[in-house]
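Engineer: Task: produce atomic coordinates for the following.
(2 chains)
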Amino acid sequence: QQQVKQSPQSLIVQKGGISIINCAYENTAFDYFPWYQQFPGKGPALLIAIRPDVSEKKEGRFTISFNKSAKQFSLHIMDSQPGDSATYFCAASYTGGFKTIFGAGTRLFVKA
Amino acid sequence: DTAVSQTPKYLVTQMGNDKSIKCEQNLGHDTMYWYKQDSKKFLKIMFSYNNKELIINETVPNRFSPKSPDKAHLNLHINSLELGDSAVYFCASSQRLIDTEAFFGQGTRLTVV
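Structural biologist: Numbers count the residues shown, from 1 in each chain, chains lettered A, B, ... in the order given. Below you'll find the model as predicted:
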């Protein structure tokens, strides 16, 4: 079963625009929600992460918004740049657990 | 210094062969994983090991046998390779009790012909 649902599957954004990727989860035991960025030929790398005790976390141009009651979270990339073109994965796990569940991924292309 | 390194990066082999992928992490983490990424980029966990012990086996065919000789190493041996095994395999590690960020290796692209 897909415990973390991610949308859209692909996204094309103009340079300078805002990229928004959404995720929804089912398991209320999850308490750690990371976003990973993957470039072609590379492994995924942690971009930013949030725990459910906060509703928003910002690091530079990247912001996670978290809605615990709706069991949804999203990644916003402000002032999107061509170098941001990559596949983005939302994920979920819980403290003391032994696996991270990944969303299906969003391929982002930022047009110059 | 590479944090999580896996070898080889590319592996092309014929159906029916047996192959191994090696993984080493120098982060001092106590948990290691194997993930499979298919052609649609979907990442699915295969195995989790904690302190050399198998914790999670996500209904992976028993042709896949992980082995962890110590906390820093987790190898994956695959018997009787099939066309459907073609994918990118990622090794990862994390320090489970402190945070759950997973550090990934660069991946091994396995092609079965």
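
Engineer: residue ranges for the strands of chain B, please.
Structural biologist: Secondary structure of chain B (DSSP state E): strands at B:4-7, B:10-13, B:19-25, B:31-37, B:43-50, B:53-57, B:64-70, B:73-78, B:87-94, B:103-104, B:108-112.

Engineer: count of residues packed around the residue in chain B that chain A sits nearest to?
Structural biologist: Chain B approaches chain A most closely through B:Phe104 (3.2 Å), counting by CB to the nearest CB. To be clear about C-beta, it is placed using only N, CA and C from the backbone, and glycine gets the same treatment. A count of nearby residues for B:Phe104, using other CB atoms under 10 Å in any protein chain shown, gives 23.

Engineer: Chain B contacts on chain A?
Structural biologist: Within chain A, the positions lying close to chain B (CB under 8 Å from any CB of the partner chain) are A:32, A:34, A:38, A:41-46, A:49, A:87, A:89, A:93-102, A:104-105, A:107.

Engineer: Now which of the residues you listed would you call buried?
Structural biologist: Among the residues of chain A next to chain B, those buried by neighbour count (16 or more other CB atoms under 10 Å in any protein chain shown) are A:32, A:34, A:38, A:43-44, A:49, A:87, A:89, A:93-94, A:97-102, A:104-105.

Engineer: What backbone torsions are found at A:Gly105?
Structural biologist: With angles defined as degrees, to the nearest 10, A:Gly105 shows backbone torsions of phi 100, psi 150.

Engineer: follow-up on the earlier one: the buried ones among the residues of chain A next to chain B in strands, which ones?
Structural biologist: Those of those lying in strands (DSSP E): A:34, A:38, A:49, A:87, A:89, A:101-102.

Engineer: Any residues of chain B in contact with chain A? List them.
Structural biologist: With CB under 8 Å from any CB as the criterion, chain B comes near chain A at residues B:4, B:31, B:33, B:40-45, B:48, B:50, B:55-56, B:58, B:90, B:92, B:94, B:96-97, B:99-107.

Engineer: Restricted to buried residues, select those in PyMOL.
Structural biologist: Command for PyMOL that selects the buried part of these, burial taken from 16+ other CB under 10 Å:
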select buried, chain B and resi 4+31+33+41+42+43+45+48+50+56+90+92+94+96+100+101+102+103+104+105+106+107
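
Engineer: who's the spatially most central residue of chain B bridged to?
Structural biologist: Centroid-nearest residue in chain B: B:Trp34, 3.1 Å away (criterion: CA atoms, centre = their mean). According to DSSP bridges, the residues that bridge with B:Trp34 are B:Phe47, B:Cys91.

Engineer: With adjacent residues omitted, what lies nearest to the residue in chain A that chain B sits nearest to?
Structural biologist: Here the residue of chain A nearest chain B is A:Gly43; by CB to the nearest CB that distance is 3.2 Å. With CB to CB, 6 or more residues apart in numbering or on different chains as the criterion, A:Gly43 has its nearest non-adjacent residue at 3.2 Å, and that residue is B:Phe104.

Engineer: per-residue pLDDT, the one you found?
Structural biologist: With respect to pLDDT, B:Phe104 scores 95.

Engineer: so it makes contact with A:Gln37?
Structural biologist: No. Look at B:Phe104 against A:Gln37 with CB atoms under 8 Å: they stay out of range, at 11.0 Å.

Engineer: just for the chain, where's the confidence low?
Structural biologist: I'll assume chain A. Low-confidence segments of chain A, defined by pLDDT under 70: A:1-2.

Engineer: not what I meant, chain B
Structural biologist: Within chain B, the segments meeting pLDDT under 70 span B:1, B:97-99.
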